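# dropping the sequence and predicted coords here.
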Amino acid sequence: MDATDVARDLLSPIPAHETTGLSVVSASDGVGVVAMDAPPALANVIGSLHSSGLITLIDAAGLAAIIAVYPDIIPLGSAATLRFLSPARGRLIATCSLDTHARDQLAALAARATPKIKIKTAADVRDEHGTLVCQGTFDWSVRSSRAA
C-alpha cells in the first residue's frame, strides 16, 4: 500500500518537522523514507546536525513505515536509541523498514484482534554521499484510532 500522501498529511504539521524542514519522501509497504537538509541553526559544536535533529529523522521514518502498513493509529513512543557513526551534514535521508513482527502486530491491530500493540522500529540515516551517519531505534505503543 502506498501511503505517502497520508504520511505527509499526518507528519508535515508536527512542529519539530516544520522546524527541521523534514519531508516525507515515501511511505509504502512498511518502508518509510524521510529527508531533511540539516539546518545550520541545529548544528552541534562540530557543525553536524544535533542529536535532536537526528532523533526527529529516526522518529519520523518509523512513523512513516507504520503508517504505510496501517494509517489509523495513535502512536506513543516509549524509548529511543541513537548510535552516532559520522558527522551528519547536508541532505540527510532516514529509512525504516518494518520487520515481520511489527508488520504482524499492525495487522492484528487493523483486524481488531488486539486493542494495543508494542513494536520497535529501526532506521538508518545516510548523508547525500550514502555514508551511514546514524542508526536509531524507537519503541512504540500503538492503538487504533478507529472507534471500537
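Alright, I've got the coordinates. None of the values given here were measured: they were computed from a predicted structure. Residues are numbered from 1 along each chain as shown.

# drop to CA atoms for contacts and neighbour counts, all remaining ones
OK.

# quick one, helices of this protein?
Assignment of helices within the chain using DSSP state H yields the ranges 4-11, 15-20, 51-69, 100-110.

# mind listing what's buried along the third one?
Just to be clear, that refers to helix 51-69. By 16 or more other Cα atoms under 10 Å, the buried positions in helix 51-69 come out as 51, 53-69.

# picking up where we left off before, of the helices of the chain, which approaches G32 most closely?
Of all these, it is helix 51-69 that lies closest to G32, at 3.9 Å by Cα to Cα.

# give me the angle between the closest one and helix 100-110.
Helix 51-69 runs at 60 degrees relative to helix 100-110, counting by axes from the mean of the first three to the mean of the last three Cα atoms, to 10 degrees.

# who are the packing partners of helix 51-69?
Judged by 3 or more Cα pairs under 8 Å, 6 or more residues apart in numbering; DSSP states H and E, helix 51-69 is in contact with helix 4-11, helix 15-20, strand 23-28, strand 31-37, strand 91-97, helix 100-110, strand 116-127, strand 132-144.

# tell me what K120 is bridged to.
Beta bridges link K120 to D139 when assigned by DSSP bridges.

# pretty sure it sits against D139.
Yes. With contacts counted by Cα atoms under 8 Å, K120 reaches D139, the gap being 4.4 Å.

# so what's the residue count around C134?
23 (other Cα atoms under 10 Å).

# skipping adjacent residues, who's closest to it in space?
In space, and not counting its chain neighbours, C134 is closest to F84: 4.7 Å by Cα to Cα, 6 or more residues apart in numbering.
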